[in-house]
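> coordinates only, sequence not included:
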């Protein structure tokens, strides 16, 4: 079952993205609006002026901006999800419904559990007779080569910290998993963007040598919703 957007998305054209979290867009009726962009990365290849995008409107009086940028429409049948909060929301349902094959034996899913050094793991899974599984999730949106998704799209010291903390969990006898959710429908493989952040790549290799496992899944995306898809081949 897909994670459905709370309100129907509306199409628009991107004018510009700036200050990381703001995007000016033109709606189909000609109105120019500013939307919230829930993505702190570089969004390489996804923030070019003129791109077709999909926005989620809201009437929440507590929100200054009345639109949130959710998708890039590549206008060839493929989409990219740009909201980095979506993977956790979509994965929580998939984990609870045991739709991730490598993790289907776990019957208890707890989000945002404290661990490591002042961190919270995205999901802590438990099940009878199984070691606890600490699962960190990363949203993958970069694609510089046809069919290949890469992470990260900018330097991420926070990402390296998560790898180090997962390694500590693995060394303590727990199961530790880095799950990359590719929020693109046009990719069939995954790899690390080692040239963008060599430090992250080094942390990844160290974590893997200490027992951290890697999972990579695609997504099914439409303007109605997003859900985790099948496992993708990883070159990492």
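Ah, there it is. Just so it is clear, the structure is predicted and the values come from calculations on it, not from any experiment. Numbers count the residues shown, from 1 in each chain.

> Show me the beta-bridge partners of residue 14.
Beta bridges link residue 14 to residue 25 when assigned by DSSP bridges.

> Then residue 124?
Residue 124 has the following beta-bridge partners by DSSP bridges: residue 110, residue 134.

> so how many other residues sit close to it?
Neighbourhood size, residue 124 [other Cβ atoms under 10 Å]: 21. (Glycine included, C-beta is placed from N, CA and C.)

> wait, doesn't residue 45 sit right on residue 143?
Yes. Using Cβ atoms under 8 Å, residue 45 makes contact with residue 143 at a distance of 6.9 Å.

> domain ranges for the chain?
Domains of the chain are assigned by automatic domain parsing as 3-81, 86-234.

> tell me the most buried of these?
For those, the largest average neighbour count (mean count of other Cβ atoms under 10 Å) is found in domain 86-234, namely a mean of 18.

> and that domain, how far from the chain's centre?
Computed by Cα atoms, centre = their mean, to the nearest Å, the chain-centroid distance of domain 86-234 equals 9 Å.

> Now do the end-to-end distance for that domain.
End-to-end span of domain 86-234 (Cα to Cα, to the nearest Å): 22 Å.

> what do you get for stretch 34-44?
Distance between the boundary residues of stretch 34-44 (Cα to Cα) amounts to 20 Å.

> do stretch 115-134 as well
9 Å.

> Return the residues in contact with residue 111.
Residues near residue 111 by Cβ atoms under 8 Å, 6 or more residues apart in numbering: 88, 92, 122, 123, 124.

> Which single one of those residues is nearest to residue 55?
Relative to residue 55, the closest of those is residue 88; by Cβ to Cβ it sits at 20.7 Å.

> Report whether the expected contact of the closest one with residue 137 is present.
Yes. Residue 88 is within contact range of residue 137, at 5.7 Å (criterion: Cβ under 8 Å).

> which residues do these two both contact?
With Cβ under 8 Å, 6+ apart as the test, residue 88 and residue 137 both reach 122, 123.

> and residue 68, which of the three is it?
strand (DSSP: H, G, I helix; E, B strand; the rest coil).

> just the helices in this protein please.
Counting by DSSP state H, the chain has these helices, from start to end: 86-96, 157-171, 198-209.

> Distance to residue 34 and mean pLDDT for those - can I get that in a markdown table?
Output for the helices of the chain, formatted as a markdown table (distance: least, Cβ to Cβ, whole Å; pLDDT from 0 to 100):
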| stretch | distance to residue 34 | mean pLDDT |
| --- | --- | --- |
| helix 86-96 | 20 | 93 |
| helix 157-171 | 26 | 96 |
| helix 198-209 | 31 | 98 |
